[in-house]
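Colleague: The sequence isn't on hand, but the structure is:
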């Protein structure tokens, strides 16, 4: 471990929120070209920090973990110890209040000191040792503020059978090539792995009226593309945090209000989304609640083929969102 002076504790109050900051020895003297910002909630980011530090060109980065009000002191202590051993600039920010995904991202970004900010979810892992270098190359090629989406994969994700439905959903809807994503660049802005210029985030912060889980990143991407170019490249990170069937459906069940808000803010873009069109069509469906129960049962039936279960889940999701529109 580095010297005792490596770890600094202080508190800041901002917008009625108290943050505790914990910096390692490399933080004060760093001159980063990319600030890597990782919002988290009850999630140990130690492995992600280690993976980023092992990447080529990690010395040109700073890593900011924003722990969003979990108040898990044991977990924080572990991440702080890990930060003390990291050979890169690391700041651990602990928010006293749980602010939610959109507000946590906005708050985390205020700690970034470079012009380019890499937003990563806590449950991601770089697919390549060239992960940071690839983003640095993209940054050099761009002459204007922009958004650069690296993409998601399941390269290192767990393969347990109980996670099969989420794997199917990710592979069919999220783990797409840059060529495919560039066909509709604004539709595939997943902030689980995206490089963005600070001017974009200043002009288009995340909308903090989105609460809970879901659609705040899609909303942000649709808003950002109105004012700035969006580029997709193949620089994947693995989504490690796959959910089992029950947890996945519970998240979707709670995201209807956010979906409706996104659709209200971006009606033209929403009209092109198959999920939105299906949800609208379901609004006039008789016996809708019965179909919703049946679709959920089919989605959670382990004996059925995975593709059939996935399509049943999509139908169930459309029926759930129909209630919010």
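Modeller: Received it, and whenever you're ready, just let me know what you need. Quick caveat: nothing in here was measured; it's all calculated off a predicted structure.
Colleague: Check the residue in the chain sticking out farthest from the centre and give its pLDDT.
Modeller: For the chain, the largest distance from the centre (C-alpha atoms, centre = their mean) belongs to residue 286, which lies 36.4 Å off. Predicted confidence (pLDDT) at residue 286: the value is 91.
Colleague: now swap in the one 3 residues further on and tell me
Modeller: In the prediction, the pLDDT value recorded for residue 289 is 92.
Colleague: Now do the strands in this structure.
Modeller: Here the chain has its strands, by DSSP state E, at 8-14, 17-23, 34-40, 61-68, 89-95, 116-120, 124-126, 147-149, 152-153, 193-197, 230-232, 237-239.
Colleague: Nearest approach to residue 278 belongs to which of these?
Modeller: Residue 278 lies closest, by C-beta to C-beta, to one member of the strands of the chain: strand 152-153, at 23.1 Å. Glycine gets a C-beta too; all of them are placed from N, C-alpha and C.
Colleague: could you say what helices and strands that closest one packs with?
Modeller: strand 237-239 (3 or more C-beta pairs under 8 Å, 6 or more residues apart in numbering; DSSP states H and E).
Colleague: Figure out how far the strand it packs on is from the centre of its chain.
Modeller: Using C-alpha atoms, centre = their mean, to the nearest Å, the mean C-alpha position of strand 237-239 is found 10 Å from that of the whole chain.
Colleague: again, but for stretch 286-301
Modeller: Using C-alpha atoms, centre = their mean, the offset of stretch 286-301 from its chain centre is 29 Å.
Colleague: Going by neighbour count, list what's buried in that stretch.
Modeller: Buried residues in stretch 286-301, counted by 16 or more other C-beta atoms under 10 Å: 291, 292, 295, 296, 298, 299, 300.
Colleague: I'd like those residues as a markdown table, with distance to residue 162 appended.
Modeller: Formatted as a markdown table, these follow (distance: C-beta to C-beta, whole Å):
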| residue | distance to residue 162 |
| --- | --- |
| 291 | 25 |
| 292 | 23 |
| 295 | 20 |
| 296 | 17 |
| 298 | 17 |
| 299 | 13 |
| 300 | 11 |
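Colleague: Now distance to residue 132 too, for the strands of the chain, in a markdown table please.
Modeller: Output for the strands of the chain, formatted as a markdown table (distance: least, C-beta to C-beta, whole Å):
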| stretch | distance to residue 132 |
| --- | --- |
| strand 8-14 | 25 |
| strand 17-23 | 20 |
| strand 34-40 | 7 |
| strand 61-68 | 6 |
| strand 89-95 | 13 |
| strand 116-120 | 8 |
| strand 124-126 | 8 |
| strand 147-149 | 13 |
| strand 152-153 | 17 |
| strand 193-197 | 10 |
| strand 230-232 | 17 |
| strand 237-239 | 11 |
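Colleague: Mind putting those into TSV with distance to residue 172, mean pLDDT and mean neighbour count?
Modeller: Listed next are the strands of the chain as TSV, based on distance: least, C-beta to C-beta, whole Å; pLDDT from 0 to 100; neighbours: other C-beta atoms under 10 Å:
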stretch	distance to residue 172	mean pLDDT	mean neighbour count
strand 8-14	41	44	10
strand 17-23	38	89	18
strand 34-40	26	97	25
strand 61-68	29	95	26
strand 89-95	35	94	25
strand 116-120	23	98	25
strand 124-126	19	97	23
strand 147-149	18	97	24
strand 152-153	12	97	22
strand 193-197	18	97	24
strand 230-232	17	96	21
strand 237-239	14	98	23
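Colleague: Report the central residue of the chain.
Modeller: residue 192 (2.9 Å).
Colleague: Give the full set of residues in contact with the nearest residue to that residue once chain neighbours are set aside.
Modeller: Setting aside the residues directly before and after it, residue 192 is nearest to residue 121 in space (C-beta to C-beta, 6 or more residues apart in numbering), at 4.0 Å. Counting by C-beta atoms under 8 Å, 6 or more residues apart in numbering, residue 121 touches 38, 39, 191, 192, 193, 239, 241.
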